[in-house]
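**Student:** Pasting a predicted model and its sequence here:
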Amino acid sequence: MATMESLIGLVNRIQRACTVLGDYGGDSALPTLWEALPSVAVVGGQSSGKSSVLESIVGRDFLPRGSGIVTRRPLVLQLHKTEPGLQEYAEFLHLPKKKFTDFSIVRKEIQEETDRVTGKSKQISPVPIHLSIYSPNVVNLTLIDLPGITKVAVEGQPESVVLEIETMVRSYIEKPNCLILAITPANQDLATSDAVKLSREVDPTGERTFGVLTKLDLMDKGTNALDILEGRSYPLQHPWVGIVNRSQADINKNVDMIAARRREHEFFATSPDYGHLATKMGSEYLAKLLSKHLESIIKSRIPGITSLINRSIDELESELDHLGRPVAVDAGAQLYTILELCRSFDRIFKEHLDGGRPGGDRIYGVFDNQLPAALRKLPFDRHLSPQNVRKVVSEADGYQPHLIAPEQGYRRLIDSALNYFRGPAEASVDAVHFVLKELVRRSIGETQELKRFPTLQSEIAAAANEALERFRDDSKKTTMRLVEMESSYLTVDFFRKLPQDMERVGNPTAPSAADRYTEGHFRRIGSNVSSYVGMVSETLKNTIPKAVVHCQVKEAKRSLLDHFYAQLGKKEVLNSCFLPHHRHFFLSID
Ligand SMILES: Nc1nc2c(ncn2[C@@H]2O[C@H](COP(=O)(O)OP(=O)(O)OP(=O)(O)O)[C@@H](O)[C@H]2O)c(=O)[nH]1
């Protein structure tokens with residue numbers, strides 16, 4: 001028995017933990033731990049005697065009283081049995097460590113805490129108040145007091161309150177693990193009992209409903225409730241329990257609870273109608289009955305609760321695996337972890353480039369489409385038009401026009417044409433740079449292990465982007481050098497192979513000397529330069545990608561985080577710490 005009591009105590013503690021975590025079996029679409037644990041909800045119409053039953057189970061006056069809807073928030077009441085002789089006290093979850101020994105203050109606090117959430121406007125709220133009572137005179141039990149079911153809204157309440165209360169009450173008692181303490185006054189027709197009606201709806205077999213008949217002492221003379229108490233008129237799986245609470249007059253006269261219990265006991269023991277049921281009647285018996293039943297339920301539910309907890313543990317474990325395990329606190333282990341994380345990122349980045357993941361192909365797209373298209377678009381037609389050729393050649397000739405071939409004119413035309421290649425070369429470098437940057441961004445996003453370390457994420461991103469900038473600078477220098485090299489030394493052979501104007505002298509098809517300065521002459525020069533520039537364009541179309549891959553892509557694969565590693569190695573990792581509640585890793589390098 002002692003172990004079972006501690007088991008209920010354990011369940012109570014789990015319920016408290018659930019409430020702290022916001023899990024009170026509310027609207028959550030997921031199965032919650034709360035719902036796996038049994039509890040007892042007190043349900044009944046207004047003034048049916050709910051507060052009185054609760055108080056006599058506890059053996060204390062502590063619930064707010066008044067007309068209209070007094071209970072406007074669910075009250076989760078946990079009873080904890082303490083060693084005999086110890087002082088009774090109450091504790092609210094919202095006021096931890098504050099012990100209430102004066103139960104009239106408990107009542108006041110319930111009222112005030114209700115108002116804190118609902119305002120004084122008689123509104124209702126489904127957020128429960130959590131109250132624990134520690135006393136040698138109680139059994140371990142969790143009771144939930146719900147607002148009294150009503151048929152009419154009182155002044156200051158919207159009409160909807162009637163339905164709201166019913167919905168809230170139903171939301172508690174429809175849970176399969178909730179035992180229902182259905183309170184009905186004996187001086188009222190059972191058929192009109194709200195408690196019976198609602199509990200029948202949510203528990204048609206009656207296996208988790210405990211029928212409680214209050215106000216037996218107020219029945220008309222000559223009538224009794226034996227038909228109900230003996231289970232004939234409304235049979236439930238569990239026997240009905242009759243109760244005699246204090247009357248309003250008793251309350252007014254401050255009849256204490258112990259005396260009230262004694263009087264209740266006498267009522268049954270001496271009653272000609274109920275004498276034979278005396279041992280199974282009264283609030284004390286009800287409390288024991290509930291506690292015993294709760295024990296048997298917990299016993300039968302242990303496998304279910306265990307599997308729920310285990311399932312949750314498994315889910316958490318796999319989530320933890322997914323997020324990554326905690327990192328050791330010492331700097332060495334942290335450094336190791338950072339390197340591991342960097343490597344994971346680097347692996348994914350390389351996969352993007354090498355084709356395991358998408359994106360690397362966009363680099364080839366730059367070489368295959370963007371660069372050739374840019375080269376094709378260069379304005380050589382305009383630059384090598386006969387008019388411009390004439391202009392450039394004449395300028396180069398100066399006062400003495402060229403005699404055979406305009407060597408200087410050719411050189412100037414070629415030089416200025418080659419200058420145009422700088423644009424596409426630079427654009428290719430930039431285009432590849434942006435592809436690489438995008439791949440860094442994607443790779444960081446895809447490195448699952450990095451997800452919980454946002455600071456490290458941005459440090460890696462910054463380091464990688466900085467490296468990419470360096471590679472871009474280098475790549476630009478190299479490609480510009482390729483273009484400059486083309487200007488530095490022209491392919492002599494190309495010109496040697498050209499049919500020379502001179503050679504055509506005497507040839508009837510060759511233009512005469514008089515022709516030399518005509519448009520055809522300049523067109524020919526333009527076309528010669530154009531085919532030379534075309535040849536250079538072909539060369540650069542091949543060499544620019546080589547330079548870009550060499551300087552940017554290969555370097556990114558080889559040494560993207562080298563600087564970062566060097567920094568890590570050189571300088572100590574200072575102030576590296578975890579904030580466990582955020583599971584964030586803060587890295588600062590000074
Ligand atoms: N004579 C007698 N009076 C009772 C009994 N049970 C309750 N009462 C009286 O009935 C009135 C209402 O009882 P409560 O316990 O406040 O009922 P309740 O269901 O909590 O009411 P609300 O909180 O207003 O919904 C009080 O004046 C009680 O003294 C009983 O068994 N016998």
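**Tutor:** Okay, I see it. Numbering: from 1, shown residues only.
**Student:** only C-alpha atoms for contact and neighbour calcs from this point on.
**Tutor:** Will do.
**Student:** Report how many residues lie close to the closest residue to Thr184 other than its chain neighbours.
**Tutor:** Computed as Cα to Cα, 6 or more residues apart in numbering, the closest residue to Thr184 that is not its neighbour in sequence is Leu213, at 5.1 Å. Applying the criterion other Cα atoms under 10 Å, we find 27 residues in the vicinity of Leu213.
**Student:** and if you look at Thr270?
**Tutor:** Around Thr270 there are 12 other residues, counting by other Cα under 10 Å.
**Student:** do the one 3 residues further on as well
**Tutor:** A count of neighbours around Asp273, defined by other Cα under 10 Å, yields 15.
**Student:** wait, is it part of a strand?
**Tutor:** No - membership of Asp273 in a strand is not supported by DSSP: H, G, I helix; E, B strand; the rest coil, which gives coil.
**Student:** Hmm, it is touching Gly222, no?
**Tutor:** No - using Cα atoms under 8 Å, Asp273 is not in contact with Gly222; the gap is 9.9 Å.
**Student:** Stretch 186-197: how far from the chain's middle?
**Tutor:** From the chain centre to the centre of stretch 186-197 is a distance of 47 Å (Cα atoms, centre = their mean, to the nearest Å).
**Student:** Check stretch 261-274 too.
**Tutor:** Relative to where its chain is centred, stretch 261-274 has its mean C-alpha point 59 Å off (Cα atoms, centre = their mean).
**Student:** Next, see if it gets close to the ligand.
**Tutor:** No - applying Cα under 6 Å from any ligand atom, one finds stretch 261-274 out of contact with the ligand, separated by at least 8.9 Å.
**Student:** Can you report how many residues lie near the nearest residue to Leu146 once chain neighbours are set aside?
**Tutor:** Counting by Cα to Cα, 6+ apart, Leu146 lies nearest to Pro74, which is 4.7 Å off, once chain neighbours are set aside. Residue crowding around Pro74 was assessed by other Cα under 10 Å; the count is 23.
**Student:** Touching, Pro74 and Pro126? I think so.
**Tutor:** Yes - with contact defined as Cα under 8 Å, Pro74 reaches Pro126; the gap is 6.3 Å.
**Student:** what does the model give Tyr399 for pLDDT?
**Tutor:** pLDDT recorded at Tyr399 is 91.
**Student:** Kindly report the same for Ala90.
**Tutor:** As predicted, Ala90 sits at a pLDDT of 91.
**Student:** The helix or strand containing it packs against which elements?
**Tutor:** Take DSSP states H and E as the rule and Ala90 turns out to sit in strand 89-92. Contact analysis of strand 89-92 by 3 or more Cα pairs under 8 Å, 6 or more residues apart in numbering; DSSP states H and E lists strand 129-135 as its packing neighbours.
**Student:** strands paired with the strand it packs on, and their directions?
**Tutor:** According to DSSP bridges, strand 129-135 forms sheet pairs with strand 75-81 (parallel), strand 89-92 (antiparallel).
**Student:** buried ones in that strand?
**Tutor:** By neighbour count on 16 or more other Cα atoms under 10 Å, the buried set for strand 129-135 is 129-135.
**Student:** How about stretch 418-437?
**Tutor:** If you call a residue buried by 16+ other Cα under 10 Å, then stretch 418-437 has these buried ones: 418, 421-422, 424-437.
**Student:** Over to stretch 359-376?
**Tutor:** In stretch 359-376, counting by 16+ other Cα under 10 Å, buried: 359-360, 363, 366-367, 370-372, 375.
**Student:** Can you give me the end-to-end span of that stretch?
**Tutor:** Across stretch 359-376, the straight-line distance between its terminal residues is 26 Å, by Cα to Cα, to the nearest Å.
**Student:** Pull the distance from it to the chain's centre.
**Tutor:** The gap between where stretch 359-376 is centred and where its chain is centred comes out at 40 Å by Cα atoms, centre = their mean.
**Student:** Tell me which residues are up against it.
**Tutor:** Outside of stretch 359-376, the residues within contact range by Cα atoms under 8 Å, 6 or more residues apart in numbering are 352-355, 421, 424-425, 427-428, 431-432, 435, 439, 537, 541, 545.
**Student:** that older thread, now mean neighbour count and distance to the ligand too, for the strands paired with strand 129-135, in TSV please.
**Tutor:** Formatted as TSV, the entries for those read as follows, by neighbours: other Cα atoms under 10 Å; distance: least, Cα to the nearest ligand atom, whole Å:
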stretch	mean neighbour count	distance to the ligand
strand 75-81	24	12
strand 89-92	20	20
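**Student:** Leu213 against Asn187, yeah?
**Tutor:** No - in terms of Cα under 8 Å, Leu213 does not count as a neighbour of Asn187; the distance is 9.1 Å.
**Student:** quick revisit: adding distance to Cys551, write the strands paired with strand 129-135 out as JSON lines.
**Tutor:** Listed next are the strands paired with strand 129-135 as JSON lines, based on distance: least, Cα to Cα, whole Å:
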{"stretch": "strand 75-81", "distance to Cys551": "70"}
{"stretch": "strand 89-92", "distance to Cys551": "69"}
